[in-house]
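Asks: sequence unknown, structure follows:
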């Protein structure tokens, strides 16, 4: 395993300057997100969500961005899952997107709230049938007897709801309302570009961080 210590890559694809970066972090994110999408980065909307429970133990998992506007960043999940329980006790969370091919990272921090039921209903109705049934079948984050049990539950709900499963009451959207953004662009010699935007007096303050 000694070779792990010698794994290195020189980051030389791009730069991030104050003159080129947008003054609004949301617009800067939109720009980078579109570049990731057009570059055919695998799942450009995949992001790590970090939460902290009442026991002060942090946990992370991958979720997918399903909405983005001036109010914040939206994803959907089971409210009874570990992340749902942790957000119920501590609504502060952090997101991170890593576009490896572009040598870019975006970090976002803020308060999380549930989206309204109408938004959750609309998104749920747009999901494939198997995904809608899966939301009913899976007691997310809970121990189960095995995969056969899970498939049997999916079949049971399929027989119950046929082609029109409603949104489960325990499933819906979350929105993180950012108060801090950081954009990281890999640079040569580990002298990376890091621009942070933090909310201060209802305005965004942009500053460069040391790599």
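Replies: It's in. Model, not experiment: these values are computed from the prediction.
Asks: Every contact and neighbour count from this point should use C-alpha atoms.
Replies: Fine.
Asks: how near is the residue nearest the centre of the chain to residue 105?
Replies: Closest residue to the average C-alpha location of the chain: residue 47 at 3.7 Å, with C-alpha atoms, centre = their mean. Going from residue 47 to residue 105 by C-alpha to C-alpha, to the nearest Å gives 10 Å.
Asks: do residue 133 as well
Replies: Relative to residue 105, and taking C-alpha to C-alpha, residue 133 is found at 34 Å.
Asks: Then residue 205?
Replies: 19 Å.
Asks: What helices and strands are in contact with the host helix or strand of residue 133?
Replies: Using DSSP states H and E, residue 133 falls within helix 129-137. Contacts defined by 3 or more C-alpha pairs under 8 Å, 6 or more residues apart in numbering; DSSP states H and E place helix 129-137 against helix 147-161.
Asks: All the strands of this structure, residue numbers only.
Replies: 46-52, 58-64, 67-69, 72-78, 92-99, 104-114, 171-185, 193-200, 203-208 (DSSP state E).
Asks: Output these as TSV; include the columns mean pLDDT and distance to residue 17.
Replies: Below are the strands of the chain laid out as TSV (pLDDT from 0 to 100; distance: least, C-alpha to C-alpha, whole Å):
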stretch	mean pLDDT	distance to residue 17
strand 46-52	98	24
strand 58-64	98	28
strand 67-69	97	24
strand 72-78	98	24
strand 92-99	98	18
strand 104-114	98	14
strand 171-185	98	10
strand 193-200	97	8
strand 203-208	97	9
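Asks: Kind regards, and thank you for your time.
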